[in-house]
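# mind folding the following:
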Amino acid sequence: MSKAAPSTPHQPLATWLDEQIPRFMHQCKLPGFSIAVVHDGAVIFADGFGARDPQRNLPATADTLYGIGSVTKSFVAIGILQLAEAGKLDLHDPVAPHIPFALGLPDAPITIHHLLTHSLGLPSLATSTLLINKGLGLASGIPLSSPNDFYRFVNGAQDEIVAKPGERFFYHNAGYRMLGHIIQEKSGFPFHAYIQEKVIAPLGMARTTFDIAAMQSDPDHAIFHRKTAAGANEPVPFPYPSPVDNPKFSFLSAAGGLFSSVNELAKYVQMHLELGQTQSPPLLSPTSFEQMHNPHVPRPAQNPLPDGTIDQQGYGYGLAITPSFFGHKLVAHDGSVLVSTASMAFMPDLNAGVVMMGNGAGMPYATIAQSVFAILLGKEPAAVIPALQIERRMEQLTGTYETYRGVETIQVVNKGGLLYTEATDPVSTTTTLTPLIPEDPMLASTNFYTLSNGIKSPVEFWADAQGDTLLIIERYCYRKVG
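Just a heads-up that it's a prediction; the model follows:
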């Protein structure tokens with residue numbers, strides 16, 4: 001375990017993490033969490049919080065192995081770019097000649113570039129949902145145990161195409177599985193073996209692996225958890241199959257089957273910050289890394305920035321791009337296989353990065369990463385990070401509200417980052433949840449509305465002369481009492 005020493009200039013970061021990470025874990029009931037921060041070529045904070053194995057109360061550490069989900073995609077992109085640099089493929093090649101992929105439009109073939117940027121024009125086919133459900137004992141009955149099964153499923157989706165390639169972003173796990181298959185076909189290695197030998201091993205990431213058995217035999221590995229309907233954490237097996245057991249279908253793991261620790265993934269982040277030039281030989285040329293780190297297609301998500309403006313997010317090769325976070329490019333990718341989650345983010349201008357992992361879901365990874373970078377830029381997260389500001393404003397509004405003399409009672413609750421009124425009918429005992437839609441997404445205004453059958457009805461929060469919070473809904477005025 002490594003933490004920032006009290007005398008170092010990074011102590012404000014350590015203090016913030018020690019205060020806030022347990023709070024976030026409590027909110028989402030996450031059993032275990034690990035984080036590492038790199039800055040100017042050194043790991044300045046690395047630690048675990050909570051339990052990697054709650055039943056035995058074994059602590060999470062900076063060396064605990066987790067499933068990193070879609071953070072795997074950037075490793076896939078490196079593999080494809082290596083093969084392109086070796087002349088074994090061109091990024092603008094149509095996909096079809098390389099693998100048995102049969103979808104597309106006659107005048108606009110889907111290319112390798114489109115797979116890398118999730119811009120096939122084909123909405124997600126939910127292949128990861130099929131795999132995860134199958135791994136958790138919720139099989140759909142759709143065959144998905146061989147390359148033939150995979151392509152029968154994918155190639156049946158011609159009528160699902162809604163746009164020309166390159167026109168729209170649809171996050172596409174099946175697309176990255178096909179990239180893994182291209183790596184497999186062009187290299188002559190099973191996909192997982194190629195990435196292990198050509199990307200992971202040169203970085204000295206000795207414990208990072210696709211092999212489930214190797215992960216499970218490691219003395220410091222996480223026990224994975226899903227939430228039950230009652231909100232409890234239930235230990236479950238890793239839901240993906242191991243590529244070692246089925247090497248011909250190894251590329252099934254390309255969308256998110258890698259295991260790593262924050263200490264090992266910190267080496268990977270540092271390599272990206274250095275554009276791979278400290279390895280001998282380098283994994284890629286600086287030009288290829290720049291292709292990964294710059295946006296090729298806009299994403300639908302609009303990111304609120306600290307100054308109140310909206311930054312249009314983009315996608316590079318295996319990485320998501322925020323062009324201007326405090327005037328600097330922020331490169332990131334989250335990963336989730338439902339029962340294990342991860343996040344990787346770095347800012348080249350700041351020469352800093354952060355990696356996080358948890359043995360369950362729910363942590364606000366983007367908020368934590370943005371807060372880490374804000375602190376390194378000399379700013380106070382609570383004052384400048386929009387998500388923290390919104391969270392604080394929501395906390396001020398949530399609670400129990402009553403009408404005059406308590407005749408009517410409702411709750412205002414926060415579910416998934418949106419406020420709702422929760423009202424229970426005393427006669428039928430049924431509970432109704434009504435979403436409160438903010439007029440201002442940043443909640444600088446406390447004016448909301450409800451929407452039913454196209455009818456928009458105002459909802460207002462305001463403070464009276466005594467400083468009490470009042471809530472006006474239709475004919476009723478509720479006063480916050482708890």
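# for the helix or strand that residue 178 is a member of, name the packing helices and strands.
Here residue 178 sits within helix 173-187, counting by DSSP states H and E. If you count contacts as 3 or more CB pairs under 8 Å, 6 or more residues apart in numbering; DSSP states H and E, helix 173-187 packs onto helix 72-85, helix 112-116, helix 127-135, helix 147-155, helix 191-195. The way it works is simple: take the backbone N, C-alpha and C, and place the C-beta from them, glycine included.
# would you list those in JSON lines and tack on mean neighbour count, distance to residue 454 and mean pLDDT?
Output for the helices and strands packed on helix 173-187, formatted as JSON lines (neighbours: other CB atoms under 10 Å; distance: least, CB to CB, whole Å; pLDDT from 0 to 100):
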{"stretch": "helix 72-85", "mean neighbour count": "24", "distance to residue 454": "40", "mean pLDDT": "98"}
{"stretch": "helix 112-116", "mean neighbour count": "24", "distance to residue 454": "38", "mean pLDDT": "98"}
{"stretch": "helix 127-135", "mean neighbour count": "19", "distance to residue 454": "32", "mean pLDDT": "93"}
{"stretch": "helix 147-155", "mean neighbour count": "16", "distance to residue 454": "38", "mean pLDDT": "97"}
{"stretch": "helix 191-195", "mean neighbour count": "25", "distance to residue 454": "50", "mean pLDDT": "98"}
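# export the ones you listed as CSV, with columns for distance to residue 321.
Below are these laid out as CSV (distance: least, CB to CB, whole Å):
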stretch, distance to residue 321
helix 72-85, 12
helix 112-116, 13
helix 127-135, 22
helix 147-155, 27
helix 191-195, 23
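# so which residues of the stretch 251-400 of the chain form strands?
259-260, 297-304, 310-315, 320-325, 328-336, 341-347, 352-358, 399-402 (DSSP state E, counting those that start in this stretch).
# could you dump those into CSV and include mean neighbour count and mean pLDDT?
Listed next are the strands of the stretch 251-400 of the chain as CSV, based on neighbours: other CB atoms under 10 Å; pLDDT from 0 to 100:
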stretch, mean neighbour count, mean pLDDT
strand 259-260, 27, 98
strand 297-304, 15, 80
strand 310-315, 17, 83
strand 320-325, 20, 93
strand 328-336, 21, 97
strand 341-347, 26, 98
strand 352-358, 28, 98
strand 399-402, 18, 98
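# what about those strands, which gets the closest to residue 137?
The minimum distance between residue 137 and the strands of the stretch 251-400 of the chain falls on strand 328-336, with 18.9 Å, by CB to CB.
# run the chain-centre distance for that closest one.
Its chain's C-alpha centre and that of strand 328-336 lie 8 Å apart, by CA atoms, centre = their mean, to the nearest Å.
# paired strands for that strand, with orientation please.
Sheet pairing here is set by DSSP bridges, and for strand 328-336 it gives strand 320-325 (antiparallel), strand 341-347 (antiparallel).
# residues contacting residue 68?
256, 258-260, 265, 335, 340, 342, 344, 357 (CB atoms under 8 Å, 6 or more residues apart in numbering).
# residue ranges with poor pLDDT in this structure?
For the chain, the stretches with pLDDT under 70 are 1-9, 302-310.
# domain assignment for it?
Domain ranges of the chain: 11-384, 391-480, per automatic domain parsing.
# what residue lies at the spatial centre of this structure?
The centroid of the chain falls nearest to residue 334 when counting by CA atoms, centre = their mean (2.6 Å).
# which residues sit against the strand with the most length in the chain?
Identified as the longest strand of the chain according to DSSP state E is strand 42-53. Identification of contacts with strand 42-53 by CB under 8 Å, 6+ apart yields 1-4, 8, 10, 13-14, 17, 21-22, 25, 30-38, 57-62, 64, 220-223, 262-263, 266, 359.
# that strand vs strand 352-358, what angle?
On the basis of axes from the mean of the first three to the mean of the last three CA atoms, to 10 degrees, strand 42-53 is oriented at 0 degrees to strand 352-358.
# what about the helices in this protein?
11-28, 72-85, 112-116, 127-135, 147-155, 173-187, 191-195, 212-217, 262-273, 286-293, 365-376, 381-384, 386-397 (DSSP state H).
# dump the strands paired with strand 328-336 into CSV; add distance to residue 234 as well.
Converted to CSV, those look like this (distance: least, CB to CB, whole Å):
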stretch, distance to residue 234
strand 320-325, 30
strand 341-347, 16
